[in-house]
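In: Model the following, please.
(one chain, ligands or ions: 2)
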Amino acid sequence: MAETNAHTHIQNKPAIDHANPLARTLHAKLDYDQLTNCMRCGFCLPACPTFRETGVEPESPRGRIALMKAVADGLMDPDQAFQDQMNHCLGCRACEPVCPADVKYGQLIEQARDAIEDHAEHSAPVSGLRKLIFKGVFPHRSRLRLLGKSIAFYQKSGLRSLARGSGVMKLLPKSVREMERILPDASGQGVIERLGTVYPAKGEPIARVALFRGCVMDVLFAETNVNTVKLLSEAGFEVVIPREQACCGALHAHAGEMEQARDLARRNLEAFKDAGISYIVSNAGGCGALLVEYDHLLSEDPAYREPAREFSDRVIDVSRLLVERGRLPSFADEEANAANPVTITYQDSCHLRNVMRSSDAPRQLMKQVANVTFTEMCEADRCCGSAGIYNITQPEMAGQVLEHKMENARDTQARYLLTSNPGCLLQMKLGVEKHGNGSPMEVKHVVDFLYERIAGGGTSGKP
Ligand code: SF4
Ligand code: SF4
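Out: Residues are numbered from 1 along each chain as shown. Ligands and ions are numbered 1, 2, ... in the order given. You can find the predicted model right below:
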């Protein structure tokens, strides 16, 4: 199974009969053209958080590409150190926009992880957990809903206080304990349960658009999904929410579960194909970045190649759609005033910035809010260390990256730190709790911040 894969790239690849099974799989799966496109200029090094933390070449994009190529060329075996270097990568893709050779690093690291996962020998608990998360829960909407209800019950019934008081939490890894502390209130009711599958535009519709509701988003950030729909409506868009849509597959792709990611992509193509829409709107940078690359993900599937390209072409981030096509309402912070404005800052979502290439639109929106001063955070474009489940699988590196991030966040003295991705939001909340020095800084999604500040309350009926 490991040696036969849909993503076999053979154009310029040397024919090498690798004795090592993982080397054979890597040789088959890695895009050799992309490996050779790297001209080793090093422009990507200063952009890479893991290189900046360690100063070590194998922890850089150039170093990782060199390691992959050395394995593909039969010059080295992919030992544990090789696998560690691949797993230390945050997948933030800050190395891509700065690369003069346009090396598709994100695709290379996913191919490498896919190959490593084919040969991974996980312990029984890890293997069981992966199966539960990737196959048992995330692809199934009803199970996600049940998970949301269970977390909500845990949070509201007193069980949480009991667990924290009894010391049972100490049995869990530190990274999981930390996440438990900052988890937002879960909901058993997602955006469709609250608003239905069609929500009208305020005034003459500019366009009919579809919301990509996500999986984690619709359980832990259901309110943000609701606010996204209402904000789009206020800006003149009719919003549909296709009921059959699935998880985007980003967590699967980043964890080397590419076949499952492709299955989820096919389900989403089917779910949106008859919706009669101009745009597919994402409010989570991590999801949107995979949705815009469904064309690549399914490029070797003849039945879905063309539908995937059409789908990807229509994906857009909510901020960008609002700025480029929306009839924006007025925004104002009514608790502040012009003489005493409230200060806000923004942490880029790496995937929104580096893959969807949207960094100006959220800033433009934030700057439109009356009684608000926008202060740019130093290195706001650098990864916060969240990176999917990286903060759980690689807590040490994630912790280092976060600590530096929070030094910069504190320097802004902002009352609100805004972001555009649920993983970044949780990571920044954790950062404020651990390194905020008692700061009252509040972390919010840009959409929630804006929707709560529609001057006059808007017409959608705020919660
Ligand atoms: S910037 Fe691009 S070409 Fe230069 S070393 Fe990095 S990946 Fe290679
Ligand atoms: S994806 Fe991010 S962490 Fe990984 S090599 Fe590129 S810049 Fe470094």
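In: ok so residue 443 is a helix residue?
Out: No: Residue 443 is assigned strand when assessed by DSSP: H, G, I helix; E, B strand; the rest coil, not a helix.
In: Give me the buried stretch members for stretch 23-37, please.
Out: For stretch 23-37, the neighbour count (16 or more other C-beta atoms under 10 Å) marks 23-32, 34-37 as buried. Backbone N, C-alpha and C define where each C-beta goes, glycine included.
In: cool, stretch 63-83 as well?
Out: Under the neighbour-count criterion of 16+ other C-beta under 10 Å, stretch 63-83 has 63, 64, 65, 66, 67, 68, 69, 71, 72, 78, 82, 83 buried.
In: For the chain, what lies in contact range of ligand 2?
Out: With C-beta under 6 Å from any ligand atom as the criterion, the chain meets ligand 2 at residues 47-50, 61, 64, 89-95, 105.
In: Now with 5 Å, please.
Out: Selection of the chain residues close to ligand 2 by C-beta under 5 Å from any ligand atom yields 48, 50, 61, 89, 90, 92, 93, 94, 95.
In: list the contacts for the residue of the stretch 201-350 of the chain found nearest ligand 1?
Out: Relative to ligand 1, the nearest point of the stretch 201-350 of the chain is residue 350 (16.3 Å; C-beta to the nearest ligand atom). Residue 350 is in contact with 90, 92, 93, 94, 285, 383, 387, 424, counting by C-beta atoms under 8 Å, 6 or more residues apart in numbering.
In: and what of residue 312?
Out: Counting by C-beta under 8 Å, 6+ apart, residue 312 has contacts 291, 292, 293, 294, 295.
In: Swap in 10 Å and give it another go.
Out: Neighbouring residues of residue 312 by C-beta atoms under 10 Å, 6 or more residues apart in numbering: 265, 269, 280, 290, 291, 292, 293, 294, 295, 296, 297, 298.
In: Can you pick out the most distant pair from those?
Out: The most widely separated members of these, counting by C-beta to C-beta, are 280 and 296 (16.4 Å).
In: So residue 14: helix, strand or coil?
Out: coil.
In: how about the buried residues of stretch 23-37 in CSV, adding secondary structure and pLDDT?
Out: CSV is the format used below for the buried residues of stretch 23-37 (DSSP: H, G, I helix; E, B strand; the rest coil; pLDDT from 0 to 100):
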residue, secondary structure, pLDDT
23, helix, 95
24, helix, 95
25, helix, 95
26, helix, 96
27, helix, 95
28, helix, 94
29, helix, 94
30, coil, 95
31, coil, 94
32, helix, 94
34, helix, 95
35, helix, 96
36, helix, 96
37, helix, 96
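In: Now the phi/psi pair for residue 356, please.
Out: phi -80, psi -10 (degrees, to the nearest 10).
In: wait, doesn't it sit right on residue 288?
Out: Yes: counting by C-beta atoms under 10 Å, residue 288 is a contact partner of residue 356 at 5.2 Å.
In: tell me, what's touching these two both at once?
Out: Common contacts of residue 356 and residue 288 (C-beta under 10 Å, 6+ apart): 282, 315, 316, 317, 320, 349, 420.
In: The last one contacts residue 349, doesn't it?
Out: Yes: the pair formed by residue 420 and residue 349 meets the contact definition of C-beta under 10 Å, at 4.7 Å.
In: Quickly list what's touching both of these two.
Out: 284, 285, 286, 288, 317, 356, 358, 359, 362, 446.
In: Show the model's pLDDT score for the second one.
Out: On the pLDDT scale, residue 285 is placed at 95.
In: Please report how far the residue in the stretch 301-450 of the chain that ligand 1 sits nearest to lies from residue 451.
Out: Across the stretch 301-450 of the chain, the shortest distance to ligand 1 (C-beta to the nearest ligand atom) belongs to residue 354, at 13.0 Å. Distance, residue 354 to residue 451, using C-beta to C-beta, to the nearest Å: 26 Å.
In: want to throw the residues of the chain next to ligand 2 into TSV with distance to ligand 1, secondary structure and neighbour count?
Out: Below are the residues of the chain next to ligand 2 laid out as TSV (distance: C-beta to the nearest ligand atom, whole Å; DSSP: H, G, I helix; E, B strand; the rest coil; neighbours: other C-beta atoms under 10 Å):
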residue	distance to ligand 1	secondary structure	neighbour count
48	9	coil	25
50	13	helix	23
61	5	helix	27
89	12	coil	27
90	15	coil	24
92	14	coil	28
93	11	coil	24
94	11	coil	22
95	6	coil	26
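In: Would you agree residue 118 is in contact with residue 23?
Out: No: Residue 118 is beyond contact range of residue 23, at 12.0 Å (criterion: C-beta under 10 Å).
In: what residue ranges in this protein score low on pLDDT?
Out: Under the criterion pLDDT under 70, the flagged ranges of the chain are 1-11, 387-393, 437, 458-463.
In: Closest to the centroid, which residue in it?
Out: Centroid-nearest residue in the chain, with C-alpha atoms, centre = their mean: residue 286, separated by 1.9 Å.
In: right, and that one touches residue 212 too?
Out: No: applying C-beta under 10 Å as the test, residue 286 and residue 212 come out as separate, 11.4 Å apart.
In: what residues do the two have in common as contacts?
Out: Joint contacts of residue 286 and residue 212 (C-beta under 10 Å, 6+ apart) are residue 248.
In: biggest helix in the chain, by residue count?
Out: Using DSSP state H, we find that the single longest helix of the chain is helix 395-412.
In: Against which helices or strands is the helix or strand just after it packed?
Out: Proceeding N to C from helix 395-412, the next assigned helix or strand is strand 416-419, under DSSP states H and E. Packing contacts for strand 416-419, counted by 3 or more C-beta pairs under 10 Å, 6 or more residues apart in numbering; DSSP states H and E, involve strand 342-346, helix 360-367, helix 422-435, strand 442-445, helix 446-451.
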